[in-house]
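Chemist: task: produce atomic coordinates for the following.
(one chain, ligands or ions: 1)
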Amino acid sequence: MPPEAKPLFPVQLVGAGPGAADLLTLRAARAVEGAQALLYDALVGEEILAMAPQACLKIQTGKRAGRPSMRQETINRLMIRLARRGLRVVRLKGGDPSIFGRVGEEAQALRLHGLAAEIVPGVTAACAAAAQFGLPLTHRGVARRVVMTTATTQDGELALDWAAASDPEATLAIYMGARAAPEIARRLIAAGRSPLTPVAIVENASSPGANLNRTTLAQQAVAAPMRAGAGPAILLVGEALAASASWPSDAGLEALPGAA
Ligand SMILES: C[S@@+](CC[C@H](N)C(=O)[O-])C[C@H]1O[C@@H](n2cnc3c(N)ncnc32)[C@H](O)[C@@H]1O
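Modeler: This next block holds a predicted model:
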């Protein structure tokens, strides 16, 4: 049968979760196990990659802040080319593909070329980080909103909706913002958020080497910026964090080892 006559499978845009293989959904695991071509981001763990069949073509696409990555257009072209060959193509992304995962751009590129996209959700970093250290993101009577945001624009400018972020009933989950945490803390205080607001910086959430740094906006505002080259880290800010039993009333700048 000529290649163009083969039935084309929808390209699966799959969330791999925050790293730990046992946080992969069953649907995501089945997609990886059935993949004939796997395009995966740098944050996807080895254990998950090992679930793909031996014969599966595996292509790393990069996508770590500040490190070399494949251009988005190249990734799109590769997905399209491989899917047109009749292969089951899985595009595997860290966390949930719809949260800072460019899933809209990729699905649109596929559709423009007559290919269907199927999105498989994953556990996003904010939820994995909160769960690992027993931190609630909402809490009755304390926090009614969770804002998942990045602090920077495409050009790397620090730009958050500071007025909205100062809402005391909102828990902020700030992606790709850990290195700018001191500056973010200063701006949040200037926008009216209480200096005593709890802050959690969670690095490598879901891995055994995960790290929690419990602090407050006031302490974070004068802290040294996080060292470059550390693992992925997320910033959680809000009163709900202190509603957990694991949050000491005198929480200072301290790093806790990862939960087993
Ligand atoms: C491009 S975004 C992708 C987010 C991903 N789609 C998700 O839903 O988690 C990458 C950022 O997510 C956060 N992140 C991803 N994995 C993480 C992890 N295991 N621990 C802490 N933060 C993580 C970091 O802020 C990192 O800079």
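Chemist: quick one: contacts for the residue of the chain found nearest the ligand?
Modeler: Of all residues in the chain, the one sitting closest to the ligand is G95 (1.9 Å; C-beta to the nearest ligand atom). Bear in mind the C-beta positions are built from the backbone N, C-alpha and C, glycine included. Counting by C-beta atoms under 8 Å, 6 or more residues apart in numbering, G95 touches 15-18, 43, 101, 122-125, 128.
Chemist: between which two of the residues you listed is the distance greatest?
Modeler: In the contacts of G95, the most distant members under the criterion C-beta to C-beta are G101 and A128, with 14.5 Å between them.
Chemist: what does this protein put close to the ligand?
Modeler: 18-19, 43, 65, 93-96, 99-101, 124-125, 129, 175-176, 202, 204-206, 232-234 (C-beta under 6 Å from any ligand atom).
Chemist: which of the residues you listed fall within strands?
Modeler: Judged by DSSP state E, the residues of the chain next to the ligand include 93, 175, 202, 233-234 as members of strands.
Chemist: so which of the residues you listed is the most crowded?
Modeler: In terms of neighbours by other C-beta atoms under 10 Å, those top out with V202 at 30 neighbours.
Chemist: quick one: buried ones out of the contacts of G95?
Modeler: Buried members of the contacts of G95, scored by 16 or more other C-beta atoms under 10 Å, are 15-18, 43, 101, 122-125, 128.
Chemist: and of these, the nearest to A151?
Modeler: For these, the closest approach to A151 (C-beta to C-beta) belongs to A125, at 14.2 Å.
Chemist: where does that closest one land on pLDDT?
Modeler: For A125, the pLDDT comes out at 98.
Chemist: A130 too?
Modeler: At A130, pLDDT is 97.
Chemist: quick one: residues contacting it.
Modeler: Counting by C-beta under 8 Å, 6+ apart, A130 makes contact with 136-137, 200, 202, 236.
Chemist: just P136 next, same as before
Modeler: Contacts for P136 (C-beta under 8 Å, 6+ apart) come out as 130, 143, 240-241, 243-244.
Chemist: try it again with 10 Å
Modeler: Counting by C-beta atoms under 10 Å, 6 or more residues apart in numbering, P136 touches 130, 142-143, 171, 238, 240-244, 247.
Chemist: try N204
Modeler: By C-beta under 10 Å, 6+ apart, the contact list for N204 reads 18-19, 43, 125, 129, 132, 210-211, 230-233, 258.
Chemist: ok, now L23?
Modeler: L23 neighbours (C-beta under 10 Å, 6+ apart): 15-17, 45, 48, 95, 122-123, 127-128, 131-132, 205-206.
Chemist: which of those residues fall within helices?
Modeler: Judged by DSSP state H, the contacts of L23 include 48, 127-128, 131-132 as members of helices.
Chemist: ok, D22 touching E47?
Modeler: Yes - contact criterion C-beta atoms under 10 Å: D22 and E47 qualify, at 8.9 Å.
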